[in-house]
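Trainee: Quick one, fold the following:
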Amino acid sequence: MNDYKIWVTYHKDEQVSEYGLKDDDTHILFATHKDIAGKNINPMNPVLSEMVTMWYVWKNPSAKSSYVGFNHYRRRFDVAGLPGKGECQVFNIKDFGQQTIYQQYCQWHNGKDMDVMLGILESKYGNGNVYSKHILEGTRLVSNCCFLMKWGDFTKLCKFLFPLLDEYAAQCGCSTVEDWHEKTVKDFGDRRIDYQMRGASFLAERLVSAWIMNNLSPYIGHMNVAVVHYNTPELTEAAILSLKKHTPGCRVYVFDNSDKKPFVTKMDNVEVIDNTKGQLIDFEKVLEAYPEKWERDVKKSNYGSAKHSLSVEKLMELIPEGFVLMDSDVLFKGSIKKLWNRSVACAGTEEVKHNIPLLMPFLCYINVPVIAENGITYFNGEKMWALSNVEPNQYYDTGAWFLEQVRSKNLPVEYVNIWQYVIHLGHGSWRGQNSEKWLKENEHLWK
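Mentor: All right, here's what the predicted structure looks like:
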């Protein structure tokens, strides 16, 4: 058997060329709209979506592989190393914030369907079972049913999932696509019938998430990249374009701190986290919490570093799977995939600034699960402000407190020369100084 196979679901011939789908030794294209050999439930694709692909792989011995994964024609991930014992690589983990998975489902779909499924779970696994609890109380969802796991884990998942879907169909009195269409019209009238008719697949997505979260340790397959934006949207945009050019497939998060020039450019796989007007972090309020209030106009002020460190710490909360941190004024010379290393607490270049070692914030990897498990923070108000105005000139710049904690707990660090990957505009770039000339000179890196 091959080490792994990734089954890629598509349902129109034109999607193969449109999305650049390729069939090779490890990626198998699965057409749900065609008559195929072997046991299959392809006609149920309008109801079950990619569940028909999972069912086919489960039921046909010829499809077996040591590790098995599933992608969609639109959502695909690179294999970031084969999963270890008890692990599962996933495409994404959505965080609904204060909203539970149950509440989010009811907002967009038919809440009564979820209630039926919860009743089935309770009947089979008991009141207060872990799967119902994940749906009713959990706020983080393994989304899109895109994953890679060991074959044995996959068969356990299928034995959990498909009997639940069968029982749900029986309780709904639906066995054909026509039955499901009739039910959907009854539930939703003429509103998005083709979409809402896939209610069973939306339930399946929540069930797959519940099983993975309670039986395996999921990790993100793609690389998250985070950038803090201030007042130079042209630099932030070029940095992201350069990243995408050299490292395709990244998911980018822009933490926007600029009231004057916010980042409003719409880009694929780029999510803007809006902190304009202090919606998430009121920096002035945080500053007032320290007895020795720091004045920004003092010559040796460290206010900017403190503000940046608070932003990074917030990103650690919002991207719990971990991320590569990059500055908004860098351009990339090559792929940074090697920087993403789940075996270390962090990776990057060490430098000494103001007599204290730091992990260079221009480009570094932060393994948030390891960092959170060890209670490590990125920001320390007493260190970054109270000591900023003392002599000799020794204070904690961005990344210094973080590296000190990582070392104090003897966590593994990978030291990488980041200058092999990036060039950096440098001082004053947040005000746009020299940015136009710099971008023009380096167009080949981002255009």
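Trainee: Just the buried residues of stretch 347-358, please?
Mentor: Ala347, Gly348, Thr349, Lys353, His354, Ile356, Leu358 (16 or more other C-beta atoms under 10 Å). In short, each C-beta sits where N, CA and C put it, glycine included.
Trainee: Which of these fall in strands?
Mentor: Among the buried residues of stretch 347-358, the ones falling in strands (DSSP state E) are Ala347, Gly348, Thr349, Lys353, Ile356, Leu358.
Trainee: Need the worst-confidence member of those.
Mentor: pLDDT across those is lowest for Lys353, at 86.
Trainee: mind checking how far it is from Gln405?
Mentor: Distance from Lys353 to Gln405, counting by C-beta to C-beta, to the nearest Å: 17 Å.
Trainee: can you give me how far stretch 204-222 is from the chain middle?
Mentor: 13 Å (C-alpha atoms, centre = their mean, to the nearest Å).
Trainee: max-length helix in this protein?
Mentor: What stands out as the longest helix in the chain, according to DSSP state H, is helix 151-172.
Trainee: Val68 pairs with what?
Mentor: Per DSSP bridges, the residues bridged to Val68 are Lys5, Met149.
Trainee: list the contacts for it?
Mentor: Tyr4, Lys5, Trp7, Val57, Leu148, Met149, Lys150, Trp151, Phe154 (C-beta atoms under 8 Å, 6 or more residues apart in numbering).
Trainee: shouldn't Gly322 be in contact with Pro369?
Mentor: Yes - Gly322 lies in contact with Pro369 (C-beta atoms under 8 Å); the separation is 6.3 Å.
Trainee: The two: who's more crowded?
Mentor: Gly322 (24 against 14; other C-beta atoms under 10 Å).
Trainee: give me every residue that touches that one.
Mentor: Ile220, Asn224, Arg342, Tyr365, Ile366, Asn367, Val368, Pro369.
Trainee: With respect to Tyr253, which of those is nearest?
Mentor: Asn224 (6.7 Å; C-beta to C-beta).
Trainee: That closest one reaches Tyr253, doesn't it?
Mentor: Yes - taking contacts as C-beta under 8 Å, Asn224 lies within contact range of Tyr253: 6.7 Å.
Trainee: re the thing from before, pull the distance from whatever helix or strand comes next after the longest helix of the chain to the chain's centre.
Mentor: The first helix or strand that comes after helix 151-172 along the chain, using DSSP states H and E, is helix 177-188. Relative to the centre of its chain, helix 177-188 is centred 34 Å away, using C-alpha atoms, centre = their mean.
Trainee: CA atoms only: put helix 177-188 into PDB for me.
Mentor: What follows is helix 177-188, C-alpha atoms only, in PDB (Å, rounded to 0.1, in the frame of the first residue of the first chain):
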ATOM      1  CA  VAL A 177     -33.000  12.700  -3.300                       C
ATOM      2  CA  GLU A 178     -36.600  13.500  -4.100                       C
ATOM      3  CA  ASP A 179     -37.600  12.800  -0.500                       C
ATOM      4  CA  TRP A 180     -34.900  15.200   0.800                       C
ATOM      5  CA  HIS A 181     -35.900  17.800  -1.700                       C
ATOM      6  CA  GLU A 182     -39.500  17.600  -0.600                       C
ATOM      7  CA  LYS A 183     -38.400  18.000   3.100                       C
ATOM      8  CA  THR A 184     -36.200  21.000   2.300                       C
ATOM      9  CA  VAL A 185     -39.000  22.800   0.500                       C
ATOM     10  CA  LYS A 186     -41.200  22.200   3.500                       C
ATOM     11  CA  ASP A 187     -38.600  23.500   5.900                       C
ATOM     12  CA  PHE A 188     -37.300  26.500   3.900                       C
END
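Trainee: how much does that helix deviate in direction from helix 151-172?
Mentor: 70 degrees (axes from the mean of the first three to the mean of the last three C-alpha atoms, to 10 degrees).
Trainee: Helix 177-188 - contacts with which helices or strands?
Mentor: For helix 177-188, the packing partners by 3 or more C-beta pairs under 8 Å, 6 or more residues apart in numbering; DSSP states H and E come out as helix 45-48, helix 193-196, helix 199-215.
Trainee: rank those helices by pLDDT, which is bottom?
Mentor: It's helix 193-196: among those, that one has the lowest mean pLDDT, namely a mean of 92.
Trainee: List the buried residues of it.
Mentor: Residues Gln196 are the ones in helix 193-196 that count as buried (16+ other C-beta under 10 Å).
Trainee: So what touches it?
Mentor: With C-beta under 8 Å, 6+ apart, helix 193-196 has contacts from Pro46, His109, Asn110, His181, Thr184, Val185, Asp187, Phe188.
Trainee: Now a PyMOL select for only the buried ones of the residues you listed.
Mentor: Restricted to buried positions by 16+ other C-beta under 10 Å, the PyMOL selection for the contacts of helix 193-196 reads:
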select buried, resi 46+109+110+181+184+187+188
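Trainee: one step back: which two in the contacts of Val68 are spaced the farthest apart?
Mentor: Top of the distance list for those (C-beta to C-beta): Trp7 and Lys150, 15.2 Å.
Trainee: What's the mean pLDDT across stretch 303-318?
Mentor: 91.
Trainee: Am I right that Thr139 is in contact with Gly97?
Mentor: Yes - using C-beta under 8 Å, Thr139 makes contact with Gly97 at a distance of 6.5 Å.
Trainee: confidence score at Asn393?
Mentor: 60.
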